[in-house]
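Chemist: heads up, no residue letters with this:
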């Protein structure tokens, strides 16, 4: 078996991050699989997909240089809703919803930075 099992990102304030991600993950069809004082894990009944983690060493979480995480969306409307909700929740624009022909003729995505500076995307039509 190959591929990525799941992705984890560091956050500095787990409650703030959870408040940001909960509505976005619901839009994408993911739910909380596990949550405690150190992490929140999102996925489906069958698999873990995305995790918010506080730094183990107690230091500040920082966003990876040039890293971004793309979530599959069912359709363009889902991408649009993800983007609008992310901005409403305090995310910062990193590229509004639209076709990205440089990535493929039907590639439709939207990019935002979460409150900790992690770059996330919702995409469909790949």
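Modeler: Happy to help now that I have it. In this text the structure is predicted, and so the values were computed from the model without any measurement.
Chemist: C-alpha from now on. contacts and neighbour counts both.
Modeler: Noted.
Chemist: Show me the strands in the chain, by range?
Modeler: 7-10, 31-35, 39-43, 48-53, 68-72, 92-99, 108-113, 119-124 (DSSP state E).
Chemist: closest to residue 59 out of those strands?
Modeler: Set against residue 59 and scored by CA to CA, the strands of the chain come closest in strand 7-10, at 10.3 Å.
Chemist: Buried ones in that closest one, by neighbour count?
Modeler: The neighbour-count check on strand 7-10 (16 or more other CA atoms under 10 Å) flags 8, 9, 10 as buried.
Chemist: Adding pLDDT and distance to residue 71, write those residues out as TSV.
Modeler: TSV is the format used below for the buried residues of strand 7-10 (pLDDT from 0 to 100; distance: CA to CA, whole Å):
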residue	pLDDT	distance to residue 71
8	92	13
9	94	14
10	93	17
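Chemist: between the residues you listed, which is nearest residue 72?
Modeler: Nearest member of these to residue 72, counting by CA to CA, is residue 8, at 16.3 Å.
Chemist: hang on, isn't that closest one packed against residue 55?
Modeler: No - the pair residue 8 / residue 55 is not scored as a contact, 10.9 Å apart, by CA atoms under 8 Å.
Chemist: Much appreciated, bye for now.
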